[in-house]
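Undergrad: here is my input; please provide its structure:
(one chain, ligands or ions: 1)
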Amino acid sequence: MKTAHLDTFVHDNVPPIELQPEFIFELPELEFPSEMNCAVELLDQAISKGFGERICIQCDRLTWTYQDLLDQANQMANVLKNELHLTAGNRVLLRSANTPEMVAAWFAVVKAGGIAVATMPLLRSLELKQIIDKAQVSHAICDHALKDELLNAQKECESKSLVHVSFFNAQDSHQDGLHHLDLAAKSASKAFENFASLATDCCILAFTSGTTGVPKATIHSHRDVMSICTCWPHYVLKPQASDVFIGSPPIAFTFGLGGLILFPMRFGASVALLEKASPKDLLKGIKKYKATVLFTAPTSYRQLALEGLIDKGSSLRKCVSAGEALPGPTRTLWKEATGIEIIDGIGTTEMLHIFISANEDEALPGATGKIVKGYRACILDDEGKELPAGEIGHLAVKGPTGCRYLSDDRQAKYIKNGWNVTGDAYLMDENGYFHYQSRTDDMIISSGYNIAGPEIETCILTHPSVGECAVVGEPDDARGAIVKAFVVLKAGVSPDASITKSIQDHVKAQLAPYKYPRKIEFVQSLPRTETGKIQRFKLRQ
Ligand code: 3UK
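TA: Just a heads-up that it's a prediction; the model follows:
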């Protein structure tokens with residue numbers, strides 16, 4: 001495999017070919033030219049298509065057209081190249097909430113042939129340090145308000161690879177000794193000579209911490225980015241140029257990168273970016289920007305619906321849920337409140353975006369959906385053999401994107417016979433719908449029974465007093481493990497023995513009796529990752 005990069009660090013650290021998944025390009029629209037830069041495809045091409053004067057990004061502070069974003073990105077790219085000595089293949093860390101400047105910086109980096117390493121704003125110096133060392137980051141672009149943790153991380157790094165740090169959106173930037181990308185960009189040229197990358201060159205490293213452990217960096221190329229823009233959005237989401245996208249996932253989470261930046265731009269639509277995205281902030285944003293396409297996680301849908309924050313009169317027309325399994329009761333609540341059927345989809349950082357999903361017409365409550373065009377999926381047993389319909393096993397998928405960790409032993413665990421194995425227990429039914437069971441390592445084995453926590457969670461969520469819940473296995477001498485539920489009660493309900501019994505009876509009445517939660521602990525909130533996932537390992541401790 002060749003590269004156009006001059007700095008070949010990532011290229012030199014891709015997994016060996018025998019540990020890579022099989023890539024398939026069965027759709028004609030996935031035949032990309034060998035030379036391609038996805039930033040040019042999505043941004044410069046939008047101007048060529050005549051979208052220049054359309055709104056691209058809005059936020060509290062400003063509105064940018066496609067032309068504005070191109071100008072900003074080109075000016076930043078010139079500064080990166082001419083002042084900060086960016087070389088093709090260098091890794092550039094981005095640290096910001098979801099802001100227009102973060103998007104401009106992302107495009108600037110990718111246009112210049114750099115590799116964007118977007119990070120979540122809540123990360124602390126220790127976590128940033130791990131990322132900088134792992135990816136050998138040479139440049140960082142950071143919102144001035146978030147500078148302290150980054151500067152600390154830079155000092156603490158073993159590798160000393162991070163040499164150029166630049167800031168934007170400083171309130172008062174006079175002679176503070178720091179480099180200010182936005183100020184420098186003002187006097188730079190709006191014309192930029194885009195880097196002629198190969199389609200297979202890396203353009204982003206997406207970090208994923210999984211449930212525990214040292215973060216892994218997944219390698220994605222220009223072709224991967226264009227592939228995810230081609231498959232799920234065209235065949236499932238089907239947005240229009242008039243759509244206004246909004247949502248909660250950070251751009252550093254590939255769910256957010258795709259849903260809030262890449263996909264709207266692919267269709268000439270626009271995005272309203274929120275720096276904070278609690279359910280209340282989302283609601284305010286939906287009203288203010290008359291948003292039509294919402295991307296968020298299951299809990300956010302549940303909260304918006306339960307608290308009566310949303311109604312049928314909203315501007316929304318499409319709602320996408322990912323990151324965690326969407327419980328049937330949450331789908332129903334949302335439909336009752338808004339009249340909208342949620343589009344569920346499972347994606348992973350390794351696969352870059354969604355590969356199993358169903359649109360509004362095909363949605364089947366309790367199932368994630370069917371395989372997205374361009375991908376293939378099956379269920380494997382523990383030995384890696386394909387299982388027939390109806391049997392629970394390991395979800396395996398392949399398509400135009402796939403898992404490539406940057407120098408990481410865990411690569412071998414994700415790939416089986418060319419399939420990407422996501423770590424999820426699923427079953428496929430006779431109609432090709434995929435039904436989520438649990439994470440494979442979260443399966444509870446009690447008295448010899450395999451119990452999938454999410455099934456019990458779904459049942460508990462239909463209890464009228466329950467706000468949120470999570471189910472884990474608790475070690476037990478007699479049974480191996482017992483089912484334990486952590487429950488957040490709805491406002492105004494107080495925890496006592498009668499509620500415990502009422503929830504237990506509710507489960508026993510609907511599921512096989514061995515599945516009922518023998519223990520229930522009431523909590524104020526559930527521990528979650530920044531991407532909205534319940535941290536079950538914390539509950540098990
Ligand atoms: C779980 C789901 C059931 C599942 C992601 C959309 O979540 C994303 O990526 P991550 O790497 O996590 C992947 C894991 O999350 N999961 C995600 N979506 C669903 N489980 N139903 C779902 N709809 O365990 C999976 O293995 O953080 C999601 C797009 C891009 C993404 N990166």
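Undergrad: for this structure, what's the longest helix?
TA: The helix spanning the most residues in the chain, taking DSSP state H as the definition, is helix 66-82.
Undergrad: how far does that helix sit from the chain's center?
TA: Taking the mean of its C-alpha atoms, helix 66-82 sits 26 Å from the chain's own mean (C-alpha atoms, centre = their mean, to the nearest Å).
Undergrad: check stretch 520-527 too.
TA: Relative to the chain's own centre, stretch 520-527 is displaced by 25 Å; criterion: C-alpha atoms, centre = their mean.
Undergrad: equivalent analysis for stretch 92-111, please.
TA: On C-alpha atoms, centre = their mean, the centre of stretch 92-111 falls 16 Å from that of its chain.
Undergrad: output the longest helix of the chain as PDB, restricted to C-alpha atoms.
TA: Output of helix 66-82 as PDB, limited to C-alpha atoms (Å, rounded to 0.1, in the frame of the first residue of the first chain):
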ATOM      1  CA  TYR A  66     -20.700  27.200   2.700                       C
ATOM      2  CA  GLN A  67     -18.500  29.900   1.200                       C
ATOM      3  CA  ASP A  68     -17.800  31.300   4.700                       C
ATOM      4  CA  LEU A  69     -16.700  27.900   5.900                       C
ATOM      5  CA  LEU A  70     -14.500  27.400   2.800                       C
ATOM      6  CA  ASP A  71     -12.900  30.800   3.400                       C
ATOM      7  CA  GLN A  72     -12.300  30.100   7.100                       C
ATOM      8  CA  ALA A  73     -10.900  26.600   6.400                       C
ATOM      9  CA  ASN A  74      -8.600  27.800   3.600                       C
ATOM     10  CA  GLN A  75      -7.200  30.700   5.700                       C
ATOM     11  CA  MET A  76      -6.600  28.300   8.600                       C
ATOM     12  CA  ALA A  77      -5.000  25.800   6.300                       C
ATOM     13  CA  ASN A  78      -2.600  28.500   5.000                       C
ATOM     14  CA  VAL A  79      -1.600  29.300   8.600                       C
ATOM     15  CA  LEU A  80      -1.100  25.700   9.500                       C
ATOM     16  CA  LYS A  81       1.100  25.100   6.400                       C
ATOM     17  CA  ASN A  82       3.000  28.300   6.300                       C
END
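Undergrad: got the buried residues for it?
TA: Buried positions in helix 66-82, judged by neighbour count with 16 or more other C-beta atoms under 10 Å: 66-81. Using the backbone N, CA and C atoms, a C-beta is placed for each residue, glycine as well.
Undergrad: around the ligand, pick out the residues from the stretch 151-300 of the chain.
TA: Within the stretch 151-300 of the chain, the positions lying close to the ligand (C-beta under 6 Å from any ligand atom) are 208, 254-255.
Undergrad: these, buried ones only, as a PyMOL selection?
TA: Buried residues among these (16+ other C-beta under 10 Å), as a PyMOL selection:
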select buried, resi 254+255
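Undergrad: where do the helices of the stretch 151-300 of the chain begin and end?
TA: Secondary structure of the stretch 151-300 of the chain (DSSP state H, counting those that start in this stretch): helices located at 181-186, 222-230, 232, 254-256, 263-266, 279-289, 298-306.
Undergrad: same list (these) but as CSV, adding mean pLDDT.
TA: Listed next are the helices of the stretch 151-300 of the chain as CSV, based on pLDDT from 0 to 100:
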stretch, mean pLDDT
helix 181-186, 96
helix 222-230, 98
helix 232, 98
helix 254-256, 97
helix 263-266, 98
helix 279-289, 97
helix 298-306, 95
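Undergrad: neighbours of the closest residue to A73 other than its chain neighbours, how many?
TA: Excluding its sequence neighbours, the residue lying closest to A73 (C-beta to C-beta, 6 or more residues apart in numbering) is F107, at 3.7 Å. F107 has 25 neighbours, counted by other C-beta atoms under 10 Å.
Undergrad: would you say F107 is within a helix?
TA: Yes: checked against DSSP: H, G, I helix; E, B strand; the rest coil, F107 lies within a helix.
Undergrad: what residues are up against it?
TA: Residues near F107 by C-beta atoms under 8 Å, 6 or more residues apart in numbering: 39, 42-43, 69, 73, 77.
Undergrad: what is the nearest of those residues to E468?
TA: Checking those against E468 by C-beta to C-beta gives L42 as the nearest, at 36.9 Å.
Undergrad: quick check: that closest one is in a helix.
TA: Yes: membership of L42 in a helix is supported by three-state DSSP.
Undergrad: would you confirm that it contacts R266?
TA: Yes: the pair formed by L42 and R266 meets the contact definition of C-beta atoms under 8 Å, at 6.4 Å.
Undergrad: what's the overlap in contacts for the two?
TA: In contact with both L42 and R266: C229, using C-beta under 8 Å, 6+ apart.
Undergrad: wait, H353 touches I228, no?
TA: Yes: contact status for H353 versus I228: in contact at 4.0 Å, counting by C-beta under 8 Å.
Undergrad: shared neighbours, the two?
TA: Any residue near both H353 and I228 by C-beta under 8 Å, 6+ apart counts here, and that gives 258, 401.
Undergrad: bridging residues for the residue of the stretch 101-250 of the chain found nearest the ligand?
TA: Going by C-beta to the nearest ligand atom, the ligand is nearest to T208 of the stretch 101-250 of the chain, at 4.6 Å. When assigned by DSSP bridges, T208 has beta-bridge partners K216.
Undergrad: I'd say it and I219 touch.
TA: No: using C-beta under 8 Å, T208 makes no contact with I219, being 11.9 Å away.
Undergrad: shared neighbours, the two?
TA: Contact with both T208 and I219 is made by no residue, according to C-beta under 8 Å, 6+ apart.
Undergrad: show me where the stretch 401-541 of the chain has strands.
TA: For the stretch 401-541 of the chain, the strands defined by DSSP state E, counting those that start in this stretch occupy 415-416, 419-428, 434-439, 444-446, 449-451, 466-476, 480-489, 519-522.
Undergrad: and the longest helix of the chain, what does it pack onto?
TA: helix 45-48, strand 55-58, helix 100-111, helix 181-186 (3 or more C-beta pairs under 8 Å, 6 or more residues apart in numbering; DSSP states H and E).
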